[in-house]
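Undergrad: Below is the structure, and that's it, no one-letter string:
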DNA sequence: GCCAACGTTGGC
DNA sequence: GCCAACGTTGGC
């Protein structure tokens, strides 16, 4: 059982978009970073939980909780010339990009803002990857302690 | 293998 | 819109 944080720009794909998806489930695709890919491909397991984080928006915040319902598998979009995520350099016989499927467990309302998280950047969340300087990873691990603490803020 | 140039991320 | 930080690319 692991915990994660998934970033998404709500203009592109928000918690509400996931809620509207069939069975509130969707591939977490479009990730084009090797570190993030490796986590999805190698470390995520069915049943893991994740925060759904809204980035690059008015109020960056954790807006929901998702559950991983399918472990890492080759991302279809990367191999689909019609997809905006198409990657011509990815060999279909040896796919470069992977995704997992996530299901919305519940929205967090009101969302837990980045501002709130930062208040604990020198305390309980001192080691949180999301808060690290210069962090740009779109998928980051969350420790069990961080997970519990953040839930207590909701 | 180095590293400058460039593109992207993401908070502000 | 700005800019710091970082990843990727490609020439050498």
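TA: Cool, the structure landed. Quick caveat: nothing in here was measured; it's all calculated off a predicted structure.

Undergrad: Please pull out the lowest mean pLDDT helix or strand from chain A.
TA: Ranking every helix and strand in chain A by mean pLDDT, DSSP states H and E puts helix A:34-38 at the bottom, with a mean of 94.

Undergrad: quick one: that one near DNA strand B?
TA: No: shown here: helix A:34-38 not in contact with DNA strand B (Cβ under 7 Å from any atom of the strand), separated by at least 9.2 Å. Just so you know, the C-beta spots here come from the backbone N, C-alpha and C atoms, and that holds for glycine as well.

Undergrad: how distant is that helix from the center of its chain?
TA: 12 Å (Cα atoms, centre = their mean, to the nearest Å).

Undergrad: So for that helix, what gets flagged as buried?
TA: A:36, A:37 (16 or more other Cβ atoms under 10 Å).

Undergrad: again, but for stretch A:69-84
TA: A:69, A:71, A:72, A:75, A:77, A:78, A:79.

Undergrad: In a strand, residue A:87, correct?
TA: No: looking at residue A:87 with DSSP: H, G, I helix; E, B strand; the rest coil, it is coil, so not inside a strand.

Undergrad: can you name the farthest residue from the center of chain A?
TA: residue A:93 (26.3 Å; Cα atoms, centre = their mean).
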